[in-house]
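Chemist: structure here, sequence nowhere to be found:
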């Protein structure tokens, strides 16, 4: 008997999202990340984001929602994905090693009161951990998104979102769902309602 792999994936995704929707720790930290982002943007600070692979794409996606718009027409807010400048990435990797590609950018761009969001499904990406260390040293609010095995990075994070899912793809789906909810919360808080 053959199994429908596509339907099975949708079912696994639905189960993961259902688990996330009832995970009080995840919901609480999502609210805290939204509140920290709102406070930073309200005070004129920026949000820096980084990740590797699919998490790099998620960092870019989230930055675009913040600097562009999520649902509402509004002023732009400062958000930078540290994964997009190929000259900086290749120069830093060549001169300092790939572990420093994000830390060096946080050192150059980050200011006290900014938010740094590092995304690593494993919680073990050396370049994300190094960037979190630099962000903490420089007085940024440190935020991490990871999977169930990445809790050890919590020592470097003011706020750590742990996606309750057993595989990378599902962890990434939860990260993006949480990020969209956070972007929605930011817009509701910072955009005056239309008359």
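Modeler: Yep, it's here. Predicted, not measured: the structure shown is a model, and the values here were computed from it.

Chemist: spit out the contact partners of the residue nearest to residue 152 when sequence neighbours are not counted.
Modeler: Among residues not flanking residue 152 along the chain, residue 123 sits closest, at 6.1 Å (Cβ to Cβ, 6 or more residues apart in numbering). C-betas here are computed from N, CA, C, even on glycine. Taking Cβ atoms under 8 Å, 6 or more residues apart in numbering, we find residue 123 in contact with 144, 146-147, 149-153.

Chemist: in helices only, show me those.
Modeler: Residues of the contacts of residue 123 located in helices (DSSP state H): none.

Chemist: and which of those is nearest to residue 130?
Modeler: Nearest to residue 130 out of those is residue 153 (Cβ to Cβ; 11.4 Å).

Chemist: surely that closest one meets residue 120?
Modeler: Yes - counting by Cβ atoms under 8 Å, residue 120 is a contact partner of residue 153 at 7.1 Å.

Chemist: anything in contact with each of those two?
Modeler: In terms of Cβ under 8 Å, 6+ apart, residue 153 and residue 120 are both contacted by the residues 128-129, 144, 146.

Chemist: now the two most distant members of these.
Modeler: 129 and 146 (10.7 Å).

Chemist: just give me how far stretch 136-143 sits from the chain centre.
Modeler: How far stretch 136-143 lies from its chain's middle: 14 Å, per Cα atoms, centre = their mean, to the nearest Å.

Chemist: endpoints of that stretch, how far apart?
Modeler: Taking Cα to Cα, to the nearest Å, stretch 136-143 runs 10 Å from one end to the other.

Chemist: in it, which residues are buried?
Modeler: Buried residues in stretch 136-143, counted by 16 or more other Cβ atoms under 10 Å: 136, 138, 140-143.

Chemist: which ones among these are found in strands?
Modeler: Cross-referencing the buried residues of stretch 136-143 against strands under DSSP state E gives 141-143.

Chemist: nearest to residue 93, of those?
Modeler: Distance to residue 93 across these (Cβ to Cβ) is lowest for residue 142, with 22.4 Å.

Chemist: who are the contact partners of that closest one?
Modeler: 116, 118, 132, 135-136, 156-159.

Chemist: circling back: which residue of residue 129 and residue 146 possesses the greater neighbour count?
Modeler: Per other Cβ atoms under 10 Å, whichever of residue 129 and residue 146 has more neighbours is residue 146, with 27 against 20.

Chemist: tell me, how many residues neighbour residue 72?
Modeler: Residue 72: 13 surrounding residues under other Cβ under 10 Å.

Chemist: hang on, it in a strand?
Modeler: No - the assignment for residue 72 (DSSP: H, G, I helix; E, B strand; the rest coil) gives coil, which keeps it out of a strand.

Chemist: surely it and residue 189 touch.
Modeler: No - between residue 72 and residue 189 there is no contact under Cβ under 8 Å: 11.3 Å.

Chemist: which one of the ones in strands among the buried residues of stretch 136-143 sits closest to residue 45?
Modeler: The closest of these to residue 45 turns out to be residue 141 (Cβ to Cβ; 8.7 Å).

Chemist: cool, thanks, signing off.
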